[in-house]
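Q: What follows is a predicted structure for the sequence shown.
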Amino acid sequence: AVSDFINDLSGKQIALFGTCGMGNAPEYYKAIENSVSAWIETDNDYLGSFICQGKMPQKVRQKYESMKNDQNAGQMDMYIHNFDEAITHPDSLDVEHAKVFVEKVLKKLESQP
């Protein structure tokens, strides 16, 4: 599992990168970062994370469609809309933002003794 891999790292400089299908929400991305970074042992140098929206498998949309009923139609429509928005991600703007993150990390590394 990813958690075991991250937890086994020792004495490393670690930057996390990922995509997330659910929404383009910085607060949600921060919660993911907090969950994942909790697996990083304290003898590592944690450099931060870059997370952006990413596409999901078509079966996820099909699941939302099959789950939709009169009681949850609004919520399922929101999930389906989010799925459709995520199809093009990561896009060129996401890649540019990732490059900016990498540049900041590299500058941070260069300034360390």
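A: Perfect, I can see it now.

Q: all strands of the protein, in order?
A: Using DSSP state E, the strands of the chain run over 13-20, 45-53.

Q: Could you export those strands as a markdown table, including distance to residue 90, mean pLDDT and mean neighbour count?
A: Using the backbone N, CA and C atoms, a C-beta is placed for each residue, glycine as well. Rendered in a markdown table, the data for the strands of the chain read as follows (distance: least, Cβ to Cβ, whole Å; pLDDT from 0 to 100; neighbours: other Cβ atoms under 10 Å):
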| stretch | distance to residue 90 | mean pLDDT | mean neighbour count |
| --- | --- | --- | --- |
| strand 13-20 | 6 | 94 | 15 |
| strand 45-53 | 5 | 95 | 18 |
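
Q: can I get these in CSV with distance to residue 99?
A: Putting those into CSV (distance: least, Cβ to Cβ, whole Å) gives the following:
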stretch, distance to residue 99
strand 13-20, 12
strand 45-53, 10
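
Q: ok, so what distance separates residue 79 from residue 67?
A: Here the criterion is Cβ to Cβ, to the nearest Å. By it, residue 79 lies 9 Å from residue 67.

Q: Which one of the two is surrounded by more residues?
A: When residue 79 and residue 67 are compared for neighbours, residue 79 comes out ahead with 21 against 11, by other Cβ atoms under 10 Å.

Q: Now do the same contact list for that one.
A: Residue 79 sits next to residue 64 when contact means Cβ atoms under 8 Å, 6 or more residues apart in numbering.

Q: what pLDDT does it get?
A: pLDDT, residue 79: 94.

Q: what do you get for residue 24?
A: At residue 24, the model reports a pLDDT of 76.
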